[in-house]
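J.: I would like to see how this sequence folds:
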Amino acid sequence: MERMIVFCMLFFWSSTMLAAASHKELKYKQILKTIDQLEPKVKDKDVELLHTPEHFVEGCLDTAVSCFKNGTLKLQPVNRHVKGFTTAIRILSTFSFRAPGQHCEYSCESYKKKTPKEFLKSFAKLIQKV
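T.: Numbers count the residues shown, from 1 in each chain. Below you'll find the model as predicted:
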């Protein structure tokens with residue numbers, strides 16, 4: 001009887017952990033899909049260049065994510081794609097990432113400025129790394 005209880009508890013715990021991991025994976029896939037959908041809708045000419053993290057240092061991933069979140073708010077739509085653009089920006093701005101680690105020495109301003117399309121490609125690379 002005790003073995004059965006332990007087995008049931010172990011089964012319940014493992015299924016809970018698998019569900020949590022798959023939720024996180026689904027969230028990242030949604031972010032990648034949103035970035036892919038946003039890329040053709042983003043204005044790339046005559047716009048402000050954005051600080052774009054490229055080489056992601058392990059202890060600075062949360063700083064890079066916050067730079068991308070702030071940068072997405074500066075993206076501008078191509079005129080004919082305004083409707084889906086605001087929804088995509090809202091999804092990207094709610095993304096959060098917390099990494100245990102040391103204090104990061106990099107700030108958003110320390111990264112090179114790039115075009116919005118390059119910014120989004122780099123954001124997708126970060127999501128794939130996480």
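
J.: count the neighbours of the nearest residue to V65 once chain neighbours are set aside for me.
T.: Leaving aside its sequence neighbours, V65 sits nearest to F97 (CB to CB, 6 or more residues apart in numbering; 4.4 Å). C-beta: built from backbone N, CA, C; applies to glycine. By other CB atoms under 10 Å, 16 other residues sit near F97.

J.: name the helix or strand for F97, please.
T.: Following DSSP states H and E, one finds F97 outside all helices and strands.

J.: residues in contact with it?
T.: L61, D62, V65, V130 (CB atoms under 8 Å, 6 or more residues apart in numbering).

J.: now S122: closest residue in space that isn't a chain neighbour?
T.: Using CB to CB, 6+ apart and skipping residues adjacent in sequence, the residue nearest S122 is T52, 4.9 Å away.

J.: count of residues packed around the one you found?
T.: Neighbours of T52 using other CB under 10 Å come to 22.

J.: thought it was touching E118?
T.: Yes. Judged on CB atoms under 8 Å, T52 makes contact with E118 at a distance of 6.2 Å.

J.: follow-up on the earlier one: backbone dihedrals for the residue nearest to V65, please?
T.: F97 adopts backbone torsions of phi -150, psi 130, taken as degrees, to the nearest 10.

J.: where does this structure dip in pLDDT?
T.: Residue ranges of the chain with pLDDT under 70: 1, 4, 6-21, 80-81, 99-102.

J.: okay, helices next: where are they in it?
T.: Secondary structure of the chain by DSSP state H: the helices cover 2-38, 61-72, 82-93, 116-129.

J.: in the second one, what counts as buried?
T.: The reference is to helix 61-72. L61, D62, T63, A64, V65, S66, C67, F68, K69, G71, T72 (16 or more other CB atoms under 10 Å).
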